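> this one's structure only:
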C-alpha cells in the first residue's frame, strides 16, 4: 500500500495532536492474547480462556459487550498476579515480541507516526489494551502520552511483606469506542489550556469500528491507512 501524502508542516505556534490506536493500526493484529499467553504460560492461559469462554464466545457472537468479556478474561487471567511479575513480563515482551508485532517502517500509518514525531506534534497512543504492558510499547515508539485501559492494583501484606498485586479488575472503563473520545478529551484538558485546545488540530488513526468515534473527533483521520469517510 503506498504511503499517504505528506502534509505541509504546520506553523509552530499551532497545537497539533496525533492520536493513534495500537492493535491492528500500528501492529499486525491483536497483542493482548499473545502477551497473556507468553506471560502466563500455555496451561494457565488455557485455563483462563476456559473460565472466561462463555463471555468470550458471547462477544464473538455479538451477544456480550466487549467490556464485559474483557473483564471476565482479566479476572480469570490476572487476579492476584504480583506486579513484580507483570513488570518482568512486560519488559520481556517489549524486547522479544513487540518488534516483530509492529508494522514495518514503510507501512503508511507507521510512516505517518514518524512524520508527526519529526514535525514535533504531540503523539498519543489511545488503546483498549491494558497499561500493564502497553506503557512499554508507548515508550518504545516514542509517544508523548498513553491513554488506555488501566488495571487496578492492590497492596497485599504489611510492612516489609507488602507487595502490589493485580486485582483482575479494570481501574478505568474499557478504553473502546466512545470511551476513547472521553479519555482523550480528559487527557488533553489536563495537558493543555483552553486557548491551546481551541486552536488544536487533531489527527487520528484507527482500524476498527471501536476507533471510529475518535476518528470523527479529528479534523483529519485515517482508517486502515486510508482517509476516513464515515
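Thanks, I have the structure now. Predicted model only: the values in this text are computed from it and were never measured.

> In terms of pLDDT, where does residue 133 sit?
pLDDT, residue 133: 97.

> how would you label it: helix, strand or coil?
Residue 133 falls in the helix class when you classify it by DSSP: H, G, I helix; E, B strand; the rest coil.

> The lowest-mean-pLDDT helix or strand in the chain: what's the following helix or strand?
Taking mean pLDDT, DSSP states H and E as the measure, the chain has strand 151-156 as its least confident helix or strand, at a mean of 88. Downstream of strand 151-156, the next assigned helix or strand under DSSP states H and E is strand 163-170.

> State the mean pLDDT of the next helix or strand after that following strand.
Remark: after strand 163-170, the chain's next helix or strand is helix 178-191, criterion DSSP H and E. The average of the pLDDT scores along helix 178-191 is 97.

> Helix 178-191: which residues count as buried?
179-181, 183-184, 187-188 (16 or more other CB atoms under 10 Å). (Glycine included, C-beta is placed from N, CA and C.)

> The lengthiest helix in the chain packs against which elements?
Longest helix in the chain, counting residues (DSSP state H): helix 42-60. Contacts defined by 3 or more CB pairs under 8 Å, 6 or more residues apart in numbering; DSSP states H and E place helix 42-60 against helix 32-40, helix 66-78.

> Adjacent strands (with direction) for the least confident helix or strand of the chain?
Within its sheet, strand 151-156 is paired with strand 163-170 (antiparallel), according to DSSP bridges.

> residues in contact with the strand it pairs with?
Under the criterion CB atoms under 8 Å, 6 or more residues apart in numbering, residues 67, 70-71, 74-84, 86, 130, 132, 149-157 lie in contact with strand 163-170.

> relative to helix 42-60, how tilted is it?
30 degrees (axes from the mean of the first three to the mean of the last three CA atoms, to 10 degrees).

> Could you measure from residue 56 over to residue 168?
Distance check for residue 56 against residue 168: by CB to CB, to the nearest Å, it reads 15 Å.
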